[in-house]
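Student: following is a predicted model, sequence given first.
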Amino acid sequence: MWDYSETVKEHFYNPRNAGALPDANAIGEVGSISCGDALRLMLKVDPGNETITDASFQTFGCGSAIASSSALTEIIKGKTLDQALEVSNQDIADFLGGLPPEKMHCSVMGREALQSAVANYRGEVWSDDHEEGALICKCFAVDAVMIEETIRANNLCSVEQVTNYTKAGGGCSSCHEGIEEILAKVLAERGESFTAAPPPEKKVPGKLTTLERIRKIEQVIEKARPNLQRDHGDIELVDVDGKTIYVSMKGACSGCQMEAVTLGGVQAQMIEALGEIVKVIPVKATAKLAPNSLPA
Amino acid sequence: MSIPNLTPIYLDNNATTRCAPEAVTAMLPYFTEQFGNPSSMHSFGAKVGHAVKAARTSLQKLLGAEFDSEIIYTAGGTEADNTAILSALKANPERKEIITTTVEHHAVLHLCDQLEKEGYTIHKLKVDGKGRLDLNEYAKLLSDKVALVSVMWANNETGTFFPVVKMAEMANAAGVLFHTDAVQAVGKIPLKLKDTAIDMLSLSGHKLHGPKGIGALYLRRGARFRPLLRGGGQERGRRAGTENVPAIIGMGVAAQLALEHMEMENTYVRALRDKLQAGILAAVPHAFVTGNPDDRLPNTLNVAFEYVEGEAILMLLNKQGIAASSGSACTSGSLEPSHVMRAMGIPYTAAHGTIRFSLSHENTEAEMDRVIAAVPSIIAQLRKLSPYWGENGPVTDPEKAFAPTYA
Ligand SMILES: Cc1ncc(COP(=O)(O)O)c(C=O)c1O
Ligand code: FES
């Protein structure tokens, strides 16, 4: 059973503005009977100021399709055509207190009916440029067509890239098999074959250059500072000598009981960031080197 | 959902059933007092081992199997289906074809789709408008290239039976293994597997008032088999993993009860179903039964309500406390209505409006009366919203009168 919001249910059980609108002068028809939803939106538009004075709908579809149609008519009544065209499918979904990802297409259908009706009023032909595919990523409501087109348009070749471009796969990751299948299909069309990306490279000790190493050390220190500053303390990098990192503890932190704990935490993060075992040693501020002046 | 004031009516027994209280009572000690591992060499284990064996005997009787060792416990119907198919392929590595049907459960179809991607040839037998197979088409496909035939005993959506006993004989004569997904048939119709040529059969506990997550694969003695899960020696090495003892006990009791209720399924339940069907069809125009009304499970009624969508119907039924299910795309979150309806050539305007009412012996005549009273106004209410419906009936030539963009 879908997790419909109370508003969705309310609009489904008591749809507003349902039925034919005999003197409508703008009609939009969208949907696909094969997918199980189809919507006819009927508007009465005041030719003087292009304001929508009345709206109604007829919908073949599920609970959320009917609720989205009902919501749409409520949203656009009283708006001018231009204002109405500003309504996005997200606005319809928001009006309903959200829709399950599988059902977002119902709100898209509402918006398309509106575009179609306005085009009809203006004597234009509206053509749908939106094709819908099977839902692949439930976390972000991304369908197969969207993924396929994005892969094609941007020459993508890994799941990670697909996630970066479409968000698909960036949540629970259970849709990665589906994304890989689409990648394999599109890559085959370009005469390439899909190979799963190698697992993220393990940090090899000693691989970092001295400069990279110092930068990483600085980053760890920087990350630790806000917390310490909140307690009126601070930490600064003093020197790096092989596997020993000298820091100075300032203010409330210096000599406090928590100093050892703090240093332990910093040390653990250093080891993680550098991929090697290092020691973090506190020194007095009057160290052999002037403390690094780190940007605040 | 707003909580209906009325006592709920459960008509979705093909999806799952209420676990029989007797089964639950029998299971409980196996969580606490009788917690032993049946493989263990001590009294804790031994008692449990005997109970597991008794449950196996109950299943053997329900299936009419010759030996109790022909029962292999699995974690449900899906695992039994997957085990049967993958076993046949492994046991016959030189055979690269499978024969199945277009209307199988996803537990078979989706695995076959995957196997097709891996290079196997899958023949899916077509069905006619009533969901019936063409046995001539089947006979032509049988050859020594086929590793397995997998055909369901009864379809879960329409209840339509397939002539699996005959088909198994044909497969047997051609030297091909035969598997049937009998998840919907077991417990509803009398079976006598020992008199058939069926090599493998899947069943599921939760479809016969047993617990969920337990099922079994019947494997005829001598039929070639390769396990899906290897490990410990449970189930004589044919399905490794410590047994789900409480569930096995529960399914055993459910099997025994199913045998006791068998007569009722085919008299009482059938009469309720027929009453429901007659009542709905008499009151709702433009509605028809899908599948083969003359040869189907006694508990199943699938009706297509034209020009309205199934999920919307279910929501309104639910508001009145009535639970059923639908083959519409929207209920599953997919783009297409049920593959079973499509395979039978049911037009989209009807396929999306199919509702399955599946009964059990726990239903009553009063419940049927309530459903018959509720359905007509629900359909009328939704048709009023439908662009395919005019004042008093479908608009003339509905698919043309309403031809939206991208239809
Ligand atoms: C025909 C058929 N096969 C297989 C299954 C799957 O059984 P289970 O839920 O026990 O895995 C079902 C149940 O949905 C079914 O109806
Ligand atoms: S379903 Fe795609 S990340 Fe969760």
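Tutor: It's in. Ligands and ions are numbered 1, 2, ... in the order given.
Student: okay, now the unreliable bits of the stretch 101-250 of chain A?
Tutor: Under the criterion pLDDT under 70, the flagged ranges of the stretch 101-250 of chain A are A:129-131, A:198-207.
Student: helices of that one, start to end?
Tutor: A:104-121, A:144-154, A:159-166, A:176-189, A:210-230 (DSSP state H, counting those that start in this stretch).
Student: quick one: which of the ones you listed is nearest chain B?
Tutor: Closest to chain B of the helices of the stretch 101-250 of chain A is helix A:104-121 (Cβ to the nearest Cβ; 6.2 Å). (Glycine included, C-beta is placed from N, CA and C.)
Student: is ligand 2 within reach of the closest one?
Tutor: No - Helix A:104-121 lies out of reach of ligand 2 by Cβ under 6 Å from any ligand atom, never closer than 13.6 Å.
Student: starting at the chain centroid, how far to that helix?
Tutor: Averaged C-alpha coordinates place helix A:104-121 at 24 Å from its chain's average position (Cα atoms, centre = their mean, to the nearest Å).
Student: and if you look at stretch B:187-203?
Tutor: With Cα atoms, centre = their mean, you get 14 Å for stretch B:187-203.
Student: the most centrally placed residue in chain A and chain B: what is the separation?
Tutor: With distances taken as Cα atoms, centre = their mean, the residue of chain A nearest its centroid is residue A:167 (5.5 Å). Using Cβ to the nearest Cβ, to the nearest Å, we find residue A:167 at a distance of 18 Å from chain B.
Student: what is the burial count for residue B:294?
Tutor: Residue B:294 has 8 neighbours, counted by other Cβ atoms under 10 Å in any protein chain shown.
Student: repeat that for residue A:87.
Tutor: By other Cβ under 10 Å, neighbour count at residue A:87 equals 18.
Student: about what we covered before: which one of the helices of the stretch 101-250 of chain A has the most crowded surroundings?
Tutor: For these, average neighbour numbers computed from mean count of other Cβ atoms under 10 Å in any protein chain shown are highest in helix A:104-121, which has a mean of 24.
Student: is that helix in proximity to chain B?
Tutor: Yes - judged by Cβ under 8 Å from any Cβ of the partner chain, helix A:104-121 and chain B are in contact via A:112, A:116.
Student: just give me the neighbour total for the closest residue to the residue nearest to the centre of chain A other than its chain neighbours.
Tutor: Spatial nearest neighbour of residue A:167, chain neighbours left out: residue A:140 (4.2 Å); criterion: Cβ to Cβ, 6 or more residues apart in numbering or on different chains. By other Cβ under 10 Å, the residues close to residue A:140 number 15.
Student: correct me if wrong: residue A:140 contacts residue A:172.
Tutor: No - the pair residue A:140 / residue A:172 is not scored as a contact, 10.2 Å apart, by Cβ atoms under 8 Å.
Student: ok, which stretches of the chain are strands?
Tutor: This is for chain A. For chain A, the strands defined by DSSP state E occupy A:26-32, A:37-46, A:51-60, A:135-137, A:142-143, A:233-241, A:244-251, A:279-282.
Student: other chain: chain B
Tutor: B:9-10, B:71-74, B:97-101, B:121-125, B:146-150, B:177-181, B:200-204, B:215-219, B:287-289, B:300-305, B:322-323, B:325-326, B:354-358.
Student: could you confirm whether the first one reaches chain A?
Tutor: Right, strand B:9-10. No - shown here: strand B:9-10 not in contact with chain A (Cβ under 8 Å from any Cβ), separated by at least 13.9 Å.
Student: what pairs with that strand, parallel or antiparallel?
Tutor: strand B:322-323 (parallel) (DSSP bridges).
Student: centre of the chain to the strand it pairs with, how far?
Tutor: In this view, strand B:322-323 has its centroid 19 Å away from the chain centroid, taken as Cα atoms, centre = their mean.
Student: hmm, who's touching it?
Tutor: Residues outside strand B:322-323 that contact it (Cβ atoms under 8 Å, 6 or more residues apart in numbering or on different chains) are B:8, B:9, B:10, B:11, B:12, B:317, B:370, B:371, B:374.
Student: can you pull the pLDDT of residue B:274?
Tutor: pLDDT recorded at residue B:274 is 98.
Student: thinking again about what came up before, which of the contacts of strand B:322-323 count as buried?
Tutor: Buried by 16 or more other Cβ atoms under 10 Å in any protein chain shown: B:9, B:10, B:11, B:12, B:317, B:370, B:371, B:374, out of the contacts of strand B:322-323.
Student: can I get those in JSON lines with pLDDT?
Tutor: JSON lines is the format used below for these (pLDDT from 0 to 100):
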{"residue": "B:9", "pLDDT": "97"}
{"residue": "B:10", "pLDDT": "97"}
{"residue": "B:11", "pLDDT": "98"}
{"residue": "B:12", "pLDDT": "96"}
{"residue": "B:317", "pLDDT": "97"}
{"residue": "B:370", "pLDDT": "97"}
{"residue": "B:371", "pLDDT": "98"}
{"residue": "B:374", "pLDDT": "97"}
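Student: separation between residue B:160 and residue B:103?
Tutor: Going from residue B:160 to residue B:103 by Cβ to Cβ, to the nearest Å gives 8 Å.
Student: do the same with residue A:4
Tutor: For residue A:4 relative to residue B:103 (Cβ to Cβ), the value is 30 Å.
Student: neighbour count: those two, which is higher?
Tutor: The residue with more neighbours, out of residue A:4 and residue B:103, is residue B:103; 29 against 23, by other Cβ under 10 Å.
Student: list the contacts for that one?
Tutor: Applying Cβ under 8 Å, 6+ apart, the residues contacting residue B:103 are B:127, B:131, B:152, B:155, B:157, B:339, B:340, B:343, B:344.
Student: please repeat the previous calculation with a cut-off of 10 Å.
Tutor: Contact analysis of residue B:103 by Cβ atoms under 10 Å, 6 or more residues apart in numbering or on different chains lists B:109, B:124-127, B:131, B:133, B:151-152, B:155-158, B:160, B:162, B:291, B:338-344.
Student: and those, which of them are buried?
Tutor: The buried subset of those - by 16+ other Cβ under 10 Å - is B:109, B:124-125, B:127, B:131, B:133, B:151-152, B:155-158, B:160, B:162, B:291, B:338-344.
Student: and the residues you listed, which of them are in helices?
Tutor: B:109, B:339, B:340, B:341, B:342, B:343 (DSSP state H).
Student: from the residues you listed, which two are the most distant?
Tutor: With Cβ to Cβ as the measure, no two of these lie farther apart than B:109 and B:341, at 14.3 Å.
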